[in-house]
Each structure stands twice: as C-alpha cells, then as structure tokens.
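Visitor: What shape does this take:
(4 chains, ligands or ions: 4)
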Amino acid sequence: MPDKTNDRSLESYRRMLRIRHFEDRAEAMHAAGEIPGSLHTYAGQEASGVGACMALRDDDYMVGTHRSHGHPIAKGAALRPLMAELLAKATGICKGKGGSMHLSDFKVGSLGETSIVGSGLPVAVGAALGSKLQGNDRVSLCFFGDGASNEGAFHEACNLAAVWTLPVIFLCENNGYAVSTPASAMVSVKDVAERAKAYSMPSAIVDGQDVEAVFEAVTEAVTRARTGGGPTFIETKTYRYAEHAVNMGRVLLDRGGEVDEWRSRDPITKYRKRLVEGGVAEATLDTIETEVVAEVEDAITFGRESPYPTQEEAFDDVLSERLPIPAFLTA
Amino acid sequence: MPDKTNDRSLESYRRMLRIRHFEDRAEAMHAAGEIPGSLHTYAGQEASGVGACMALRDDDYMVGTHRSHGHPIAKGAALRPLMAELLAKATGICKGKGGSMHLSDFKVGSLGETSIVGSGLPVAVGAALGSKLQGNDRVSLCFFGDGASNEGAFHEACNLAAVWTLPVIFLCENNGYAVSTPASAMVSVKDVAERAKAYSMPSAIVDGQDVEAVFEAVTEAVTRARTGGGPTFIETKTYRYAEHAVNMGRVLLDRGGEVDEWRSRDPITKYRKRLVEGGVAEATLDTIETEVVAEVEDAITFGRESPYPTQEEAFDDVLSERLPIPAFLTA
Amino acid sequence: MARITFLEAIRAAQLEEMQRDDKVFIMGEDIVCNVFGTTTDFVENFGLERVRDTPISENGFVGAGAGAAMVGMRPIIDVTLSSFLYPAMDQIVSIIAKSRYIYGGQASLPLVVRSCMFYGNSNAAQHSDRPYPMLMGVPGLKIIVPSGPRDMKGMLKAAIRDNDPVFCFEDATLWSGKEEVPDDPDFIVPIGKAEVKREGTDVSIFAIGGAVPMAMAAAKILADDGISAEVVDPRTLSPLDREAILKSARKTGRVVAVDPAHLTCSAASEISAIVVEDAFDTLRAPIVRVTTPDTHMPFSPVIEKALYPNKERILAAVRKVVGLPVPA
Amino acid sequence: MARITFLEAIRAAQLEEMQRDDKVFIMGEDIVCNVFGTTTDFVENFGLERVRDTPISENGFVGAGAGAAMVGMRPIIDVTLSSFLYPAMDQIVSIIAKSRYIYGGQASLPLVVRSCMFYGNSNAAQHSDRPYPMLMGVPGLKIIVPSGPRDMKGMLKAAIRDNDPVFCFEDATLWSGKEEVPDDPDFIVPIGKAEVKREGTDVSIFAIGGAVPMAMAAAKILADDGISAEVVDPRTLSPLDREAILKSARKTGRVVAVDPAHLTCSAASEISAIVVEDAFDTLRAPIVRVTTPDTHMPFSPVIEKALYPNKERILAAVRKVVGLPVPA
Ligand SMILES: Cc1ncc(C[n+]2csc(CCOP(=O)(O)OP(=O)(O)O)c2C)c(N)n1
Ligand SMILES: Cc1ncc(C[n+]2csc(CCOP(=O)(O)OP(=O)(O)O)c2C)c(N)n1
Ligand SMILES: [Mg+2]
Ligand SMILES: [Mg+2]
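Guide: Ligands and ions are numbered 1, 2, ... in the order given. Next comes the predicted model:
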C-alpha cells in the first residue's frame, strides 16, 4: 500500500470509528434524557458516508439528510460543536437551534443536513450551479435515501443537474427501508440507480459496506464532475442497524435475521480486517480507536460544560439582523 | 377494413375534424374579442388525442392539460357546452368559470383539464386507484406534455401507479416545446419514454401524427391496464402548429422550416388520404366534414345566445353549498 | 361513553366511518405500521387495499386522494406532520381547493387530509409547523382544529361524511389528554360551529387547538380573581363561525385571541379583524393576540418552550384588556 | 429621471444590479425569450450562463437558487406567475425561510424570488392568485409588493442587494402604468419602510399593490367631498412597518385596509389586528377591509371583475368609517 493510500485508509478508518463512537454515546445520552428530540442513527452505514466524503476535497460541497450525524463527521467536521448541538447548547454547530437532524458544518463544506425528505437535492444542485457560475471546480455531493428517491424534488434536481451539466454526485444510500416501508414495496425499480437512465446520467451500484469501493466509485464521479462531465448517480447498498429513530419501537419491524446478517458484514470490522491483512499494525488501529474514544469523550465534556442559548437567541438568525424580542419575553 | 374498424375510423376522422374546426373558429373569435383569456390551440396534435381516446371506453377516465380543447372533444364531449365555455357563458361546461384552459366534461370521463403543468398526473393516478378500490375495470389515461415530464408531480405519479399496479396510461404528447424551450434542451433524455424505465413501466413511442398508430399503442396499454397489468407509458411524437398560446408572438420562436415540414404530415390530411386509399368514399368524408362544420356553427350559435353567469354564481361551487354573497355585491 | 385519549378518538372516528362506508379508505406514510396509534388493527379489519402505505411522495398521494375522491371514494389522507404539507401544496391549492369551482361543480372532492402539528418537542424548525393560517385564505377548503378527544372524534366523523375537502389539523400537545366521548356511531360534532367551552361576561378568550385547555385553566384562575372569562373555541377555522365570534365579543366587549400559529396573518389576526370590523361599537378594550412570535422554532428546549402561548401569557393578556395591572 | 413603465422598471433594476455585481444572475421559465419584457437584451448583455432558462421544475429551480445563494451567488428567481409558487412551497418554507436559522446562522440566502400576480384577465382560478398572505406568516422571508414603477425599481434593487431572501410580488394590473423613475444606479427604496402616498387627517387608507392607485383616486374624490384621506402604502409586507401603520392610524382614528388578496388572513386582516391591538385608544370607527371575497376567481369576465377591490368599494368603506351615508 503506497503511503498516500495508507494515510487515506487510516483516515477513513478513523472517521468511521468517530461516527460509530459518537453515535453510541449519543444514543446512551438520549436514553438518559440528556439529549432531547429525535435521533436517527447512522450505525451500519459508515462506509457509505466516509467512502464518499474521502473522495471529496475539503472545499467541495456536501448536503445530507435527517440521518445527519454521519455525513458531516465523514466530511471532517470537528466533534465538539456537533456533540454540543445534540446537547442543545449555544456552542453547538447550529447554536442549539438545529439539533440531531441538522448537524451541518459549513466550514467543511457540509452545507446542510435537512430533515424534509428530498429537500436537500435541489440545494446541492444549486451549490453546483454556483461553482459553475463562479468558474471554480468545486463539486457538490448529495446524500439521500431510497425513500427520498420517490420525492418530486429528487426528479427535478436530477433533471436540472443533467440538462445544465452540473458537477453533482447523487449519492443514494439505499438502506432498504424508509421508516417502516421496504424499498422493494415503495420504489418501482429494483435498483434505485436504474433511475439515472431517466436523466441520461452515468451510474454505479456499490457495496455500501466497503469503504474502498465507495471511495473508488465516487472518485470516478468526482473526476467526471470536476472536468465538466456533469452529474453521476451512485447507489450504495447499505443498512441501518437500529430502528428508524430512537423510541420508534413500534415501527421496528421484525426484520428477521437481516440485522445479524448485515452486522456480520459490519463496515468497520471488515475494514479493520482488510487493513491488518494489508499490513497495518494492529497497534496503529488500536491507537486510532483510543484517540477517537478520547475525542468523543472530550466532545461530550465540552458539550456538557457549554451554556444553553439565551432566550433572545431564539430571535437570531431568522434574518441577517436579530429580530426585536417580543414584550412578553422581556417583561 | 372490417365494419367495426370502419366505424371507428370514421369516428376518429370526425373527432379530429371537430377539434380542428372548433379551434379554427375559436381562434378567429378570440381575435375578434369574443373569447376572453388565453387560448392554447391543439392544431397539429389531433391524432394523438383522438387515437388515444378512441382506445378508451366511454366510462374510462381521462385527465388533461392547459391545452384543453382537443382532449375532451377526442373523448366524445358535445361541442355546445365547450364553445359556450370559451364564450364565458353560464351554459358552458364549467358554467363559465373554467374557460379555455379547463374544458372538461365529466359525463364522458373527462375528469379535468388542469392548467398547472403536471398537476393532472396525480389526479389520474387517483382515479385509477378509485377503480381498483371499487373493483371495476375502468382505466385512467393522462395526457401531459414534454415540459410536464420535468415536474416532480410526474415522477411521483409514475412511481405511485407502478408500485400500486394501477390501470393508468401515461400519455406524453411530445410536441417538441414547452412555451419557448425545446425539449432537447430541457428534458435530459432523447425520448421522454426513456423515463418509463425509472418505474419499470412498459413504454412505447409512436408517431403522433398517425391516429391508427396511437390507437394501437394505447389499445395495448388499455388491455394491460384493464387486466391488472398496471401502467404503461406512451410517448406520441407530435407538434403544435401555432405559437404556445394566442398573443404570445414574442415567444413564437423562429422554428425554421419545421412548421411546414410538420404541416406536410398533417394528421387529418394524412388520415383522409389513408381512408380514401382504404376504400372510403370521398363523399362520405365530405359529408362528415359538412356535419362537423354545422356542428361547430351550431355550438357557436348556442354559445352566443346563451346568457352570462350572474354575479351570484361566482360564489357557487366553491364548496358544495353556495357561499353567502358579500354585502358589497348585493347593495 | 368512554374515557379515551385524543389519539384513540382519531382511531375510533376512522374505524367507525370505515365500517359504515366502504368508500372510505386511508392512506399515508407508515400507516400500516401505525406509528402514532391511530390505525391499530386496521389492516386486520380492512385489509391492505383500504389501509394503504404510500411512498414518500406527498404531492403525489395527496393528489391521488383528490382523483380517487373525484370518482366516488372518500379518502382519509394522512400527512404525518404538518411540515410535510408543503411538498403537497400544489395539489392542495390548485387541485383540491379549486377543482369543484374550475369545472363548474362537476367535480366533488369528499376527502379528509389529516395532519399532526408536532411542536414543542425539540424537533426544530422543519418539523414544528402549525400552518393552518396559510390555508385559511384558500377558498374551497374546510379547516378544523379540534381541541379535545370529544371534538376530535365528532368532527373527524363529520369531516369524513362531508362532501367537501376538510383539513384536520391535530395538535400533538393534546394527544394524551382524556375525555368522555360518546360511543354512538352517529355522534357528530358539526363543522362550522364554534363552541362556548365556558360561559363568562367580562372577556372573551378565543382559543385554538392546544390553547383551549390553557384558556380554560386561565379562566379558572381569573374566576378566583373575580373576572368572568368566556372561552370560545372556534373549532372550525374555515369557514369561521362569525356569528358565534361576534356574539361573544359583543357580550363581553373584550377580546383575547390565543393561537399557537405565528403571529402574522394568524387565525388570531383574523378573529381580531372580524371583531373590530363588525363589533366595534361594543368593543371596550384593545384586542390582544397571544400567539407564537414570528421566529422559527428552535431545537433547544430551553428556548423553544417559552415561545408558544401559555397560561401565564393568557392571564397577562386578559388582565390587560380588563384594565387590571399586569404583574411584571 | 425617465418616465418608464412598471415592467421597464423591473428590467432596469435587474439590468443595473447585474451590471454592478457579477454574483447576480437570473433564472426562470422562458426567461431567455423574454415573455413579459423584463429581460430584453439580457442574453446579449450577460450571456446564457447568467440568463438561464429552466425546465418546468419550480421546486427544483427555486431550491437550486437557494443552494447557489448559500455558496455566494445572488440569484433572481423568476417564478412567472404567483400560482406557480405552490409547487415550490417546500423549498420556499423548509429551505429558503429556515436554513439560516436551522444551521445557526451558518447559511446566508441572498436571493430574490420575483413572481407576477396575473389577475383580472380571465385566466381562471388556477392562474389568478395573489398569495402573499400565505408567506407573511412564515418567518425568515421578506416580502415586498411595489405599487408603481418608482418603488418597483427602487425596491427590487434593494431586494437584490439584501442579504436575506426577498419575495417580490408584482401586480400585473400595474404593468403598463408609467412614472418618473430615477436613473441613478444607486437609487434604492429601502425594504421595511411604508410610504405615505398622500397625507390626510380624517381616515387612513392602507392599500397594497394594485389597490394603491385606486386608493389615490378615491382620496381625490373624497377631497372634493371634504374628507381628507391619508393613503399609506406598506410596500413591504414582511416585516410590516408597524410604526408607520400605527402613526397614521393614531393620527386619523379611522382605518380602511385595501388588499387584492382574499379576505381571510389577508394583509388587510393583519393591519387591522395591529391597529386594534396597539392603537385602540385613538380608534373612532370600525376598521373596514376591502379585499377580494373568499371565492375563487372565475374565468367569465362579467363576474370576475367585480370581485376585486375597486375605487367604489373604497369610497363606500371610507364613507362608512367617517359616518357618512353610503349610497346604495
Ligand atoms: C417530506 C417528508 N415526508 C416525510 C418525512 C418523515 N420521514 C422522515 S425520514 C423518513 C424516511 C426516509 O427514508 P429514506 O429516504 O430511505 O432515508 P433513511 O431514513 O432510510 O435514511 C420519513 C418518511 C419527512 N421528514 N419529510
Ligand atoms: C406549474 C406551472 N408552471 C408553469 C406554467 C406555465 N406554462 C403553461 S404551459 C407551459 C408549457 C408546458 O409545456 P408542455 O408540458 O410541453 O405542454 P405543451 O404546452 O407543449 O402542450 C408552461 C411553462 C404552468 N401553467 N404551470
Ligand atoms: Mg432508507
Ligand atoms: Mg410541449
């Protein structure tokens, strides 16, 4: 393994681990009542997010979904502001106003995880249009789910990107379900990637549990996009281990042995094995894990010690100037 | 030609002529200031509408667009209420409340010509769902344009029809343009019918100037739909001779020799030739034309002699009971 | 009579109407798995044709509901949360509201769109909408916002039987509240009629949805202070029961309008405008609106909760209009 | 100074701002062919990248405008007619209005959505909307409704320079009206400021968009009758200039609010509610709203025209609030 690849491999491993540990802790904190609202975990899908984002430059754009923890971490976001956000603190990446469904770090090109299904797709296309109009070579990648591919916004975004030859990568994370409904019942094609044909768009289907495979497919798409070749559609076949969101036991379908089967192909375990087989020392990987655990704990401490937003901050960021505070709150 | 076919042929010819004469007169009346509002003519596309509707039963459903004159006539609507509608009269098919973009005769299964691009597609799917739930075998056909295939509503409707195996025929009338923009610039596939693949839907591309070809393709789709085989996508390649709508000279692009070329394949002239070659007497066809002309003139007279709606009628049909008339109108 | 929750009332209304009329069916995202508990045992009772999961295609399936209604069905369309109505807005305004009119009465759209207003739960701006005022200015729609299990059941049943499109906004803050609700399968609460939930003489509090219990609680406290507050629940926001609103306003001469929606162009604004237009002569004080201010709903619970109407704000508003000092 | 039409004012504003700032671009359906005349010679001046035809995908290209704005562009998004905003409502409410907030200020959305209100022309219910009140209750959006060429140019330029999303509703009944408009490329009419279009002492007429010239004409006639009417054009509907509204209402004590939108939850309702809430003590008469009633717009011109506000209805409303007999 050449050095560059090795760096990338270790960084991929680190980012996947970051997501996993970050979410494991977040789930526990949610169960303990420390984190309010809903929580949609990404566990099982880490290779998809990380493989894709590792193929992007730091200044490339990325847009995501309600399942919002994995994407910004994959894009390189620092953990402290993300954890502080989950804890609803003023130091959160969204100042405590976005929460679990909206972790987005604009500094690393993470332009918004939006919780209205499908709504990120036009935004990603617009960011790519911005690149084109500004004459730079930044590309724009949009994550979305199998369920989202049934929204009108998906269709309009794909067609726009295609007719305008925009540098967009449509990355469909097909985890087999939208809340309780299987993709097989709701999406009228076997592979969502079939839909690329409706836009004359090149497409690829990759094993979403294999971070290298995702990286390679996205790298090809990025090259195409950066050199004026227009959009690409990539479908990663992946899986979420947990229910749709925490406390949605009612819709935790009996997925039979499916969960176990997917767990046996866990992207992190698999990749660790591969790295070790490729000659990376176990100790190196252990060190990374130790560092990640420390990083997550540090983020938790930071979040816990941070202040909550003040009531006035509810009136900030509606427009570019703070709104007047209503009398009933100042009395 | 067997008798049945012959009946159908003559009826096809009659309906195409009805549309042509109806619109020629309507255009003149609009120019003379007799018809208010906008007017989107269907001239050039008659074979598409008539071929499709002749494949339907009277009790099948049909939904259309802003280019609304051709479809209901093709489906068998009487001309008097249609012309009275254009003339904004109380005897109009929509009581003078819909106008040129909304000629729809529910009696013949014409369930609405809707002028918001793409908005008829979900409605047609819903009508088909109604058939399925009621256990009858009525099918539902939806006309829409090349431009409409870029709306999110199109995508959602197609997927719904596919996953629910509904008796729907998606009939895309590709006339090459959406107002001023060519389909080649705005639709990201060469043939709109390519998009059927995104829904695992069988599809066909037919010469929209050939009423028999359209009839055959739609007949196959109707059989599939009626027997539980689900939706079909049909694209008719057709052309509108006129500008997008009357008085839109500004957007009458220089379409070069295109118009002449298409006129040379005029669906009515072509079909007349074919019928004559097939043994139909010229006199028979002349009689039909004379009858159609008389029918159109009768409709005009009816419309002209009909009363306008009263002011109170503006408050009818908002809900199933008439709204109270505001004081400023009763004073 | 049985003491049931708001959610159970929804289920009961749907169940009874689906049993009564086989033209009624229900569709929406994750209906089959019964996320909120309003379709418990429905699949067993009615099968997967009439209890229908949809893809995530709000515009598509709301429009399909319209089409099905036009051919004689009576769909209940469940749009899980009110924030998901926006993708369907075109079918709502252009098709559902306008089809009967634009086709001169040829089309009938007997359908119900149910949608829950899920706010106050740290679900942030994209999931916390209360958008009924948006639809109040759209002719052709009826809009109901029931404030308790009894009205919920009776009005939803009325909505399902109604021949016009009815939007039913369900305030999730009321979900677990219980009330005695008639079992009579023909128990109906008519659409278009406000209800005086408590009689009073000094001030009229018009309250909507989740604000009704707050207004009732405030009225109780005010009674101890010697202020007789009338609490009126419009229940139907479109068409508004103007007569009932004006009657109460004329009786008390003082009005407070409480509305969980945003201030501007709210139902509270409309009620205020109606009163000052048609009951000015009897009006003795400014009309005070108690609403959610025009900001988005933040995730952080420490700053979200105080934004909505609450009992204290209602008390302050009443004290203001009756001329009592408002404690700081 | 040049005497130009409303449409020419739109063109001039766009032209000047696109010349000034290469981050500004325009997109929409049939922009290149210049249907209404607001982009004459734009392709020649700016090329097809910055003057961009879109597919018929309102939600898609409105959202693409949002994305482009987030990465530093300043799009002008032309949504031909206001009735075509509904398909884009999800991107408008969930993305454009909420992104700055939900991401804690990380996102900036300096964009303009222009949309024409094309009513009174026999284009029937699906093409005649005036839906600005729908958006007035959505925090995070600015809304302008200019009433003449001068304001149109000055406010559109202000909108393009604004760092927040601005919705510009253009009343097509004003299209051909002419006015002297400054040529100065830095002529700006600030967003958020109402204008007293005519001073008066007896009654305040608040008028919006196409209603402003009617209100001016009415005021002239009223002057002959000895009634001094003040005409106030809010111009910006979000945020409303509360101070200016209250100032005029307090001065005259009598208010008529004229609004081409439907009655219920209209801007007129909001103005009325503001006045009765905060200027009650000076109010001497009911506040009368002159709006379009809550019915759809019919195609037939013989019944469409009378539904909108007009001079006669304004005169009748003023006579009512000043206590003169209203002629039958
Ligand atoms: C417009 C809209 N409709 C419905 C929802 C509720 N909802 C949230 S996530 C979700 C499922 C999304 O499925 P998919 O796109 O496959 O993403 P996944 O959750 O599997 O990652 C649904 C229906 C929503 N947030 N937005
Ligand atoms: C949602 C919406 N957007 C835009 C328009 C304006 N408009 C009317 S017809 C039309 C073009 C439609 O093109 P196509 O679907 O190809 O139908 P055609 O006119 O060619 O029959 C447009 C853009 C509209 N009516 N509705
Ligand atoms: Mg999924
Ligand atoms: Mg076309």
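
Visitor: which one is residue C:78 nearest to, not counting chain neighbours?
Guide: Distances taken as Cβ to Cβ, 6 or more residues apart in numbering or on different chains put residue C:28 closest to residue C:78, at 3.0 Å, once the chain neighbours are dropped. Glycine gets a C-beta too; all of them are placed from N, C-alpha and C.

Visitor: Wait, that neighbour touches residue C:84, no?
Guide: No: taking contacts as Cβ atoms under 8 Å, residue C:28 lies outside contact range of residue C:84: 9.7 Å.

Visitor: residues from chain A in reach of ligand 3?
Guide: A:145-147, A:175, A:178 (Cβ under 5 Å from the ion).

Visitor: In ChimeraX, select just the buried ones from the residues you listed.
Guide: Buried residues within those, by 16 or more other Cβ atoms under 10 Å in any protein chain shown, are selected in ChimeraX with:
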select /A:145,146,147,175,178
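
Visitor: So which of the residues of chain A next to ligand 3 are in helices?
Guide: Using DSSP state H, the subset of the residues of chain A next to ligand 3 located in helices is empty.

Visitor: ok, so of the residues of chain A next to ligand 3, who is nearest residue B:141?
Guide: residue A:147 (28.8 Å; Cβ to Cβ).

Visitor: who are the neighbours in contact with that closest one?
Guide: Residues near residue A:147 by Cβ atoms under 8 Å, 6 or more residues apart in numbering or on different chains: A:117, A:177-179, A:181, A:183, A:186-187, C:55-56.

Visitor: for residue C:272, same thing?
Guide: Residue C:272 neighbours (Cβ under 8 Å, 6+ apart): C:255, C:257, C:287, C:289, D:269, D:272-273, D:276-277.

Visitor: measure the spatially most central residue of chain C to residue C:206 for me?
Guide: Closest residue to the average C-alpha location of chain C: residue C:145 at 1.3 Å, with Cα atoms, centre = their mean. Residue C:145 sits 12 Å away from residue C:206, going by Cβ to Cβ, to the nearest Å.

Visitor: same question, residue A:160
Guide: 46 Å.

Visitor: cool, residue A:85 as well?
Guide: According to Cβ to Cβ, residue A:85 stands 38 Å off from residue C:206.

Visitor: How about residue A:119?
Guide: Relative to residue C:206, and taking Cβ to Cβ, residue A:119 is found at 35 Å.

Visitor: Check residue A:180 too.
Guide: Per Cβ to Cβ, residue A:180 is found 39 Å from residue C:206.

Visitor: Of those two, which one has the most company?
Guide: Applying other Cβ atoms under 10 Å in any protein chain shown to residue A:180 and residue C:206 shows that residue C:206 carries more neighbours, namely 32 against 20.

Visitor: Three-state assignment for residue A:205, please.
Guide: strand (DSSP: H, G, I helix; E, B strand; the rest coil).

Visitor: Tell me the residues that contact both of residue C:145 and residue C:206, please.
Guide: Joint contacts of residue C:145 and residue C:206 (Cβ under 8 Å, 6+ apart) are residue C:234.

Visitor: would you list every one of the helices in chain A?
Guide: A:3-31, A:46-54, A:70-75, A:79-86, A:120-134, A:152-163, A:183-186, A:211-226, A:258-263, A:267-277, A:282-305, A:327-330.

Visitor: whoops, the stretch 51-200 of chain C was the one
Guide: Here the stretch 51-200 of chain C has its helices, by DSSP state H, counting those that start in this stretch, at C:58-70, C:89-90, C:99-102, C:132-136, C:149-161.

Visitor: Please consider this matter closed, and thank you.
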